[in-house]
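Trainee: model this:
(chains A and B)
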2 protein chains.
Amino acid sequence: MATPLLQIALDNQTNESAIKTLNSLGNEVDILEVGTILCLQEGKSAIEKIRALYPDKIILADTKCADAGKTVAQNCKDAGANWMTVICCATIETMVAARKVMDDVQVELYGDWTFEQAQQWYDNDIKQVVYHQSRDALLAGKRWSDEDLNKIKRLIDIGFKVSVTGGLELETVKLFKDLDIFAFIAGRNLREVENPAYAARAFKEEIKRNFES
Amino acid sequence: MATPLLQIALDNQTNESAIKTLNSLGNEVDILEVGTILCLQEGKSAIEKIRALYPDKIILADTKCADAGKTVAQNCKDAGANWMTVICCATIETMVAARKVMDDVQVELYGDWTFEQAQQWYDNDIKQVVYHQSRDALLAGKRWSDEDLNKIKRLIDIGFKVSVTGGLELETVKLFKDLDIFAFIAGRNLREVENPAYAARAFKEEIKRNFES
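Mentor: Okay, the predicted model is just below:
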């Protein structure tokens, strides 16, 4: 198993705030995610500014695209993103249209989706999914369960690179240690701390401890 | 039955282009939709600029929100929007969080959703849905069918204000004449014409002809 990557979810409200986060931890993490909130607040300038600062990092635009896949993908690519997200209830046509433009596309798994759909995504060259605990569901008290872990395993068995996110804390990492996780995505637990670089290094250490043995 | 409203989908690429569209048809239509593409390109400034120009119009932010409902809603409201969209596969917690902030929330119907879910949205004070032909599905040859019309009728029977969109042309309006449609949403057929104001008036006339008899 490869060691899982670490992705920072930049759900900041402004470009200035996102850049402040990156100034601390930008070089510690593997994937820079321009969060949906930031995309909607600052538009494509968020991607452009982060690309200018990090010419060689993987940048993911978390557009959660539901329609107009080609246009949204081209806009994100033009701004400097490598990957983008689409929402699981988008039509396959939307996903394929986005996939044709971007280096890769991640399907964000929210609400009801089926493994039959997942197989269809995979058969259409969409190789990444994000398994999500919704922020609002977490606020309502939901937690990671065996049911979640079993679903993640089935997605990995199909062939997907599976990233996991939603209330990830240092102690959550070990829950996944028997699974071939592609990336851990953390947001406020890296951003909203005194020293984001330190928090990112601690996360990387915890990932190594659990996955490199 | 009330006469259906007309909503312009401002899926322009820039604020300048959107404002040019509005300069022509802004006073002819009932609802100004800041399209997803425009939201992602220009960020909140798109809502802010359109609100500044049209202090009294209904402005809908087509965020297709899938998570972080409270934050996205508050950001849209702060920028000047009255309503926002959420995607149908968002959790009920996300929808409720958005609804608590905004004057109203529209659920965008893409992919698989159930009438059981729809009843749950309605029971949680979400009174609007958008029945959609996906742009990418249309590009792949899909058209409005009796199955679509029957589903729309069932949503109206639940109590929803149902807006319809997706490849709407002047000749499409009469398909819906026996249904209590809340709003017709048109984009490129109003924007990408020589005289958007004239196209909007023709749409309004066609709506009146079919619904005021």
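
Trainee: for chain A, what are the low-confidence residue spans?
Mentor: In the predicted model of chain A, residues A:134-138 satisfy pLDDT under 70.

Trainee: Longest strand in chain A, please.
Mentor: strand A:58-65 (DSSP state E).

Trainee: which helices and strands does that one pack with?
Mentor: Judged by 3 or more CB pairs under 8 Å, 6 or more residues apart in numbering or on different chains; DSSP states H and E, strand A:58-65 is in contact with strand A:31-34, helix A:36-42, helix A:44-53, helix A:69-79, strand A:83-87, strand A:104-109. The way it works is simple: take the backbone N, C-alpha and C, and place the C-beta from them, glycine included.

Trainee: in its sheet, what does it sit against?
Mentor: Here strand A:58-65 is paired, per DSSP bridges, with strand A:31-34 (parallel), strand A:83-87 (parallel).

Trainee: out of the helices and strands packed on strand A:58-65, nearest to B:Phe211?
Mentor: helix A:69-79 (31.9 Å; CB to CB).

Trainee: how big is the angle separating that closest one from strand A:58-65?
Mentor: On the basis of axes from the mean of the first three to the mean of the last three CA atoms, to 10 degrees, helix A:69-79 is oriented at 150 degrees to strand A:58-65.

Trainee: Mind listing the residues bridging to the most centrally placed residue in chain A?
Mentor: In chain A, the C-alpha nearest the mean C-alpha coordinate belongs to A:Ile185, at 5.5 Å (CA atoms, centre = their mean). Beta-bridge partners for A:Ile185, by DSSP bridges, are A:Gln7, A:Thr165.

Trainee: Quick check, it in contact with A:Val129.
Mentor: No. Assessed by CB atoms under 8 Å, A:Ile185 is found out of contact with A:Val129, at 12.0 Å.

Trainee: what do those two both touch?
Mentor: Common contact partners of A:Ile185 and A:Val129 (CB atoms under 8 Å, 6 or more residues apart in numbering or on different chains): A:Ser163.

Trainee: picking up where we left off before, may I see the helices and strands packed on strand A:58-65 organised as JSON lines, with mean neighbour count added?
Mentor: JSON lines is the format used below for the helices and strands packed on strand A:58-65 (neighbours: other CB atoms under 10 Å in any protein chain shown):
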{"stretch": "strand A:31-34", "mean neighbour count": "26"}
{"stretch": "helix A:36-42", "mean neighbour count": "26"}
{"stretch": "helix A:44-53", "mean neighbour count": "20"}
{"stretch": "helix A:69-79", "mean neighbour count": "22"}
{"stretch": "strand A:83-87", "mean neighbour count": "26"}
{"stretch": "strand A:104-109", "mean neighbour count": "24"}
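
Trainee: which helix of chain A spans the most residues?
Mentor: The single longest helix within chain A, with elements called by DSSP state H, is helix A:196-211.

Trainee: name the helices or strands packed onto that one?
Mentor: strand A:5-10, helix A:15-25, strand A:183-186, helix A:188-191.

Trainee: That one vs strand A:5-10, what angle?
Mentor: Using the same axes, to 10 degrees: helix A:196-211 against strand A:5-10 is 150 degrees.

Trainee: Run a quick neighbour tally on the nearest residue in space to A:Leu139 that is not next to it in sequence.
Mentor: In this structure, A:Leu139 finds its nearest non-sequential neighbour in B:Glu93, 6.9 Å apart by CB to CB, 6 or more residues apart in numbering or on different chains. Residues lying near B:Glu93 (other CB atoms under 10 Å in any protein chain shown) number 21.

Trainee: The one 3 residues further on too?
Mentor: As a burial measure, B:Val96 scores 20 neighbours (other CB under 10 Å).

Trainee: residues of the helix or strand hosting it that come out buried?
Mentor: Here B:Val96 is covered by helix B:92-101, with elements defined by DSSP states H and E. For helix B:92-101, the neighbour count (16 or more other CB atoms under 10 Å in any protein chain shown) marks B:Ile92, B:Glu93, B:Thr94, B:Met95, B:Val96, B:Ala97, B:Ala98, B:Arg99, B:Val101 as buried.

Trainee: quick one: contacts of it?
Mentor: Residues contacting helix B:92-101 (CB under 8 Å, 6+ apart): A:134-137, A:139-140, B:65-70, B:72-74, B:77, B:84, B:86, B:105, B:107, B:120-121, B:124-126.

Trainee: Good, we can wrap up now.
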